[in-house]
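K.L.:
just to be clear, the model below is a prediction. Sequence and coordinates:
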Amino acid sequence: MTSGVHLAGRSRARLITRLAVVAILVACGLVADLVSAAVTHPAYAHAYLIETSPVDGQVLHSPPADVRLSFNEAVSFNQRSFQLLDVTGKKLVTGAPGYVDGKANTARVSLPASLVEGTYVLAWRITSADSHVVSGAFSFSIGRPSTTPATPVEEDVSPAVPVVDAVGRALAFLGLALALGGALFVAVLWPAGRDDRRGRGIVWSGFVALTAGTVVVLLVQGPYAAGTSLTGVFDPELLSATLSTRLGHALLVRLLIVLALGVAFWIAVRPSSSLADVRTDAARTSGAGTAGVGVAGVGAACAVVLPFTWTLADHAQTGEQTWLAVPATSLHLLAMALWLGGLIALSACVLLPGRGREPTGAISLEPALPRFSTLAQICFAVIAVTGVYLAWRQVGTWGALGGTGFGRLLLGKLAAVLAVVGLAAGARRFVRRRGRDSLGLDTAPYTAVRRLRRSVAGEVVLGVAVVSITAVLVNTAPARTSYAPPVHTTVPLPTAVADAVGPGAGLGGGSVEVKIEPAKPGSNVADIYITGRNGSLFAVPEVSGALESRDRSVPALPVKVSAAEPGHYVANSMSIPYPGEWVLRLDIRVSDFDETPVRVPFTAH
């Protein structure tokens with residue numbers, strides 16, 4: 001008898017040890033992902049600059065009263081979001097920024113009237129509607145350009161800031177699961193759980209994690225948006241700026257909802273005041289009168305509203321079909337929380353009883369396992385339906401699925417979810433096999449219980465991995481906006497080349513092949529191949545280039561082209577200002593006196 005107890009204890013210890021080791025590995029993987037995503041590969045944000053006044057590089061006759069910026073979506077900013085630098089790099093005082101005619105996708109910064117002749121740089125750093133931070137700079141000149149224009153000075157941007165922000169988001173996600181899913185399991189699915197100290201402790205730890213994660217995000221968003229170090233969390237001005245944004249409002253509402261949920265849970269599970277008030281599990285399950293219904297209603301309403309404090313300030317409320325994306329994402333998040341939180345409570349409170357508790361056989365699994373199994377099925381169905389829609393909306397194309405960090409993370413999340421579904425199917429078979437009999441663990445075969453415990457432990461670890469990946473996805477721009485398929489096009493040379501004489505005579509009937517990568521705003525590389533009528537590379541004396549917007553809204557931008565090898569020419573630093581329709585104009589000199597223009601249209605994403 002004693003040896004059996006020791007064997008059971010050692011078996012449980014080995015299971016817990018293995019679970020801890022796997023959890024540590026998952027945590028290490030999360031940290032690596034966070035550091036990689038936040039430091040090595042910063043995400044492209046949703047918002048991008050469409051237009052400025054003055055335009056980049058413009059020379060003005062007199063100082064402008066202000067500068068204006070237009071973005072593709074709503075943005076938020078504060079006094080520190082804009083810096084005006086003169087030719088010496090000195091920061092000049094500007095007026096308080098504001099919106100142009102109340103349009104949320106614009107910004108206007110008043111300039112001092114004492115600007116003298118020379119070149120100035122306006123550096124900007126704003127927060128897009130999905131809480132991503134975007135930065136950039138442009139220059140303009142008064143009178144004539146300076147010989148040595150100023151360049152923006154990099155702020156003391158700490159790589160720890162986005163990492164701490166992502167950790168705070170992950171902590172909030174995990175807390176949401178423990179608070180909502182744990183509370184549902186303890187208070188509803190498992191009637192005996194209301195009197196179980198460990199069950200209540202799991203739920204309260206969820207409330208603490210949710211609150212702590214929310215506070216971390218609230219404090220870190222200020223220095224994250226301003227581009228400073230973690231010391232900015234103590235800056236009241238930055239905190240005030242965060243509280244004035246959509247994200248700040250959502251975080252404050254979240255804290256209030258968490259408080260209401262905490263009070264409702266405390267009322268639901270508070271111990272009875274006397275023995276006369278003690279009720280059986282069946283009586284407690286059937287309800288506790290009007291007060292109990294009221295508490296349950298408040299809890300249910302708060303649980304439904306709580307996920308919206310994420311979705312109203314992230315990817316869901318930007319882009320297309322926001323009317324459907326916001327509720328779909330909220331439902332996706334709610335289903336994940338109910339399943340994972342209930343799963344953790346099930347594994348910790350029922351399948352792995354601790355010291356000083358009743359023997360396992362005395363705990364009836366009949367109410368808990370079948371009910372949770374049904375809940376899990378419903379949650380998986382919701383996660384699958386909403387997940388397919390959200391993946392389509394945020395990825396869009398098969399190329400973006402494997403060609404972006406967001407897409408690869410999504411594939412990893414899908415693999416983890418499929419593995420969870422496989423493990424959950426095994427647990428459900430155990431429940432069905434036990435039928436409608438009283439499901440005490442001591443009545444089930446030892447090998448079957450061991451498989452169930454391992455299955456549930458695996459689900460917990462994979463569930464934590466899914467939450468971790470979700471936290472990284474929130475900090476990553478969707479593949480639909482960050483994916484830019486490389487441009488690869490071929491255009492024929494003009495017919496006039498066929499009449500060329502001398503060195504260019506062999507170009508008649510030839511073509512120009514152009515490859516542009518990554519074909520998105522910022523620095524790009526353009527490879528240019530000139531082929532003759534026989535299909536072989538053809539060397540020409542010189543190739544020059546210019547980048548033109550299709551609608552001619554900005555002046556042509558010069559593109560420096562150099563020869564890589566005979567017939568192959570490269571533009572190593574072709575800068576594309578913003579997404580849209582562009583034309584790469586190539587002027588190909590075929591002889592000392594003849595030059596042929598070639599226009600290559602393409603789209604920058």
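P.N.:
Perfect, I can see it now. Quantities reported herein were computed from a predicted structural model and do not represent experimental measurements.
K.L.:
quick one: the residue nearest to residue 246 when sequence neighbours are not counted and residue 251, what's the gap?
P.N.:
Leaving out its chain neighbours, the residue that sits closest to residue 246 by CB to CB, 6 or more residues apart in numbering is residue 313, at 5.3 Å. C-betas here are computed from N, CA, C, even on glycine. Using CB to CB, to the nearest Å, residue 313 is found at 8 Å from residue 251.
K.L.:
related to what we said a few turns ago, for the residue nearest to residue 246, what are its contacts?
P.N.:
Shown in contact with residue 313 (CB atoms under 8 Å, 6 or more residues apart in numbering): 130, 131, 246, 247, 249, 250, 251.
K.L.:
assign it to helix, strand or coil.
P.N.:
Here residue 313 is coil, with the state taken from DSSP: H, G, I helix; E, B strand; the rest coil.
K.L.:
so residue 132 sits right up against residue 477, yeah?
P.N.:
Yes: between residue 132 and residue 477 there is a contact under CB atoms under 8 Å: 6.3 Å.
K.L.:
before we move on, back to that, out of the contacts of residue 313, the closest to residue 179 would be?
P.N.:
Taking CB to CB as the measure, residue 179 lies nearest residue 251 of those, at 15.8 Å.
K.L.:
the closest one sits in which helix or strand?
P.N.:
Under the criterion DSSP states H and E, the helix or strand holding residue 251 is helix 246-269.
K.L.:
list the buried residues for that helix?
P.N.:
Neighbour-count burial for helix 246-269 flags 246-248, 250-251, 253-254, 257-258, 260-262, 264-265, 268-269 (criterion: 16 or more other CB atoms under 10 Å).
K.L.:
how about stretch 582-595?
P.N.:
Neighbour-count burial for stretch 582-595 [16+ other CB under 10 Å]: 582, 584, 585, 586, 588, 589, 590, 594, 595.
K.L.:
can I get these in TSV with distance to residue 126 and pLDDT?
P.N.:
As requested, the buried residues of stretch 582-595 are exported to TSV (distance: CB to CB, whole Å; pLDDT from 0 to 100):
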residue	distance to residue 126	pLDDT
582	24	91
584	29	94
585	32	93
586	35	93
588	41	88
589	43	86
590	47	79
594	48	77
595	43	82
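K.L.:
between all of these, which two are separated the most?
P.N.:
Most distant of the buried residues of stretch 582-595, by CB to CB, are 582 and 594, 26.5 Å apart.
K.L.:
strands of the stretch 501-605 of the chain, start to end?
P.N.:
Per DSSP state E, counting those that start in this stretch, the stretch 501-605 of the chain carries strands over the ranges 511-517, 522-531, 542-549, 557-559, 562-565, 568-576, 580-589, 595-604.
K.L.:
contact partners of the fifth one?
P.N.:
Applying CB under 8 Å, 6+ apart, the set of residues contacting strand 562-565 from outside is 527, 537, 539, 543, 569, 570, 571, 572.
K.L.:
7 Å instead?
P.N.:
Contact with strand 562-565 is made by 569, 570, as judged by CB atoms under 7 Å, 6 or more residues apart in numbering.
K.L.:
what does stretch 400-410 give?
P.N.:
37, 41, 391, 395, 411, 469, 472-473, 476-480, 482-483.
K.L.:
what about it, how long is it end to end?
P.N.:
Terminal residues of stretch 400-410 lie 11 Å apart, using CA to CA, to the nearest Å.
K.L.:
starting at the chain centroid, how far to that stretch?
P.N.:
Relative to its chain's centre, stretch 400-410 lies at 12 Å (CA atoms, centre = their mean, to the nearest Å).
K.L.:
what average pLDDT does that stretch get?
P.N.:
Stretch 400-410 comes out with an average pLDDT of 86.
K.L.:
residues of that stretch that come out buried?
P.N.:
400, 401, 403, 404, 405, 406, 407, 409, 410.
K.L.:
filter these down to the ones in helices?
P.N.:
Mapping these onto helices (DSSP state H) picks out 400, 401, 403, 405, 406, 407, 409, 410.
K.L.:
nearest to residue 374 among those?
P.N.:
Proximity of those to residue 374 (CB to CB) peaks at residue 410, which lies at 27.9 Å.
K.L.:
so what's the gap between the helix or strand residue 184 falls within and the chain middle?
P.N.:
In this assignment (DSSP H and E), residue 184 forms part of helix 182-184. Here helix 182-184 is found 27 Å from its chain centre; the criterion is CA atoms, centre = their mean.
K.L.:
and if you look at stretch 325-341?
P.N.:
With CA atoms, centre = their mean, you get 16 Å for stretch 325-341.
K.L.:
quick one: contacts of it?
P.N.:
Residues beyond stretch 325-341 that count as contacts (CB under 7 Å, 6+ apart) turn out to be 176-182, 184, 206, 304, 307-308, 310-312, 316-317, 375-376, 379, 382-383, 386-387, 389-390, 393, 463, 467.
K.L.:
quick check: pLDDT value at the nearest residue to residue 61 once chain neighbours are set aside.
P.N.:
The spatial neighbour of residue 61 that comes closest, neighbours along the chain excluded (CB to CB, 6+ apart), is residue 143 at 7.3 Å. In this model, residue 143 is scored at 90, pLDDT.
K.L.:
residues near residue 143, how many?
P.N.:
15 (other CB atoms under 10 Å).
K.L.:
how close does it get to residue 85?
P.N.:
Applying CB to CB to residue 143 and residue 85 gives a distance of 17 Å.
K.L.:
swap in residue 103?
P.N.:
Counting by CB to CB - residue 103 and residue 85 are separated by 26 Å.
K.L.:
ditto for residue 376
P.N.:
The gap separating residue 376 from residue 85 is 58 Å, by CB to CB.
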